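Enquirer: Structure for this input, please:
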Amino acid sequence: MAMTYDALYADLRAGFPDATIELEDTAGDGDHWRARIVSSAFAGLPRVRQHQLVYAALGGKMGGVLHALALETSVP
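Expert: Presented below is the predicted three-dimensional model:
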């Protein structure tokens, strides 16, 4: 089972409504994604906490329908 662009984008948009989000299916299989997320929600947070917020927005899909996610997070 894989995750579609639309489903991944929707989950990230719901978690970070103000964000600029760029997604790339790095293997073309819907299982390996790269996400660049620029959001004010990350302000003042260390990178590990920023990534934890992204995983929380995905609602436990990591390791299930989403096998791998390379993250780049930053503040506007």
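Enquirer: When you work out contacts or count neighbours from here on, use the C-alpha atoms and nothing else.
Expert: Fine.
Enquirer: residues in contact with the residue nearest to residue 34 when sequence neighbours are not counted?
Expert: Closest residue to residue 34 apart from its sequence neighbours, by CA to CA, 6 or more residues apart in numbering: residue 70 at 4.5 Å. Counting by CA atoms under 8 Å, 6 or more residues apart in numbering, residue 70 touches 33-35.
Enquirer: Just to be sure, residue 70 is in a strand?
Expert: Yes. Counting by DSSP: H, G, I helix; E, B strand; the rest coil, residue 70 is part of a strand.
Enquirer: how near is it to residue 51?
Expert: For residue 70, the distance to residue 51 equals 10 Å [CA to CA, to the nearest Å].
Enquirer: Residues in a beta bridge with the closest residue to residue 71 other than its chain neighbours, which ones?
Expert: Nearest residue to residue 71, sequence neighbours excluded (CA to CA, 6+ apart): residue 35, at 5.1 Å. Assessed by DSSP bridges, residue 35 has beta-bridge partners residue 23, residue 71.
Enquirer: Any idea how many residues pack against residue 35?
Expert: The number of residues packed near residue 35 is 20, by other CA atoms under 10 Å.
Enquirer: what's the answer for residue 30, then?
Expert: Residues lying near residue 30 (other CA under 10 Å) number 19.
Enquirer: Going forward, count from 880.
Expert: All set: I'll call the first residue 880, so the last point we hit is now residue 909.
Enquirer: and it, what pLDDT?
Expert: As predicted, residue 909 sits at a pLDDT of 90.
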